[in-house]
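Student: Need the 3D shape of this:
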Amino acid sequence: MEPESGRDVAEPIRRGHLQVDVGPAGEVVPVGQVDIGNARLLHAALANAAADPVLLVDLRQVGYLDSAAVTVLFAHAHKPMRILTNSDSAVARVLQICGLSHVAQVDQVPAAESGPAE
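Tutor: Take a look at the predicted model:
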């Protein structure tokens, strides 16, 4: 997957049911559903995001992700990466089942604490 060229990574990227924001500290914050039709947007944001010292991926506003999204996350797991999910969410279960926590730090945040990434 090639990053989208000519885009400012600070500008939100939207496609279908997904918007990907890059925060002021370089954190990647997808909002919506990540699937085969839009996973390349997540890939582009992760490819262009700074991993200094750790790439933060905040999935707390993602309600659905499929195997294409998981593949994108694994493709970027060679970088130091911290992934935030809501506790007891479908996204947290998918990441646990696929074993992403073995190659990246995956933190489950209780719903009461779910707010903007720090």
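Student: Which stretches in the protein count as strands?
Tutor: Per DSSP state E, the chain carries strands over the ranges 13-15, 18-22, 28-34, 55-58, 62-65, 81-86, 105-109.
Student: what packs against the fourth one?
Tutor: Using 3 or more Cβ pairs under 8 Å, 6 or more residues apart in numbering; DSSP states H and E as the contact criterion, the neighbours of strand 55-58 among helices and strands are strand 28-34, strand 81-86. Every residue, glycine included, has its C-beta placed from N, CA and C.
Student: so which of these gets nearest S67?
Tutor: Judged by Cβ to Cβ, the one of the helices and strands packed on strand 55-58 that comes nearest to S67 is strand 28-34, at 10.4 Å.
Student: And for the closest one, what's in contact with it?
Tutor: Contact partners of strand 28-34, identified using Cβ atoms under 8 Å, 6 or more residues apart in numbering, comprise 16-23, 41-42, 45-46, 49, 55-59, 61-66, 68-69, 72, 117.
Student: before we move on, back to that, please name whichever of the helices and strands packed on strand 55-58 is nearest to Q108.
Tutor: strand 81-86 (5.5 Å).
Student: To G99, which of the helices and strands packed on strand 55-58 lies closest?
Tutor: Once Cβ to Cβ is applied to these, the stretch that comes out nearest is strand 81-86, at 12.8 Å.
Student: before we move on, back to that, quick one, which of the strands of the chain gets closest to L95.
Tutor: Counting by Cβ to Cβ, L95 lies closest to strand 105-109 out of the strands of the chain; the figure is 5.4 Å.
Student: picking that back up, show me which of the contacts of strand 28-34 are buried.
Tutor: The neighbour-count test (16 or more other Cβ atoms under 10 Å) applied to those identifies 18-22, 41-42, 45-46, 49, 55-59, 61-62, 65, 68-69, 72, 117 as buried.
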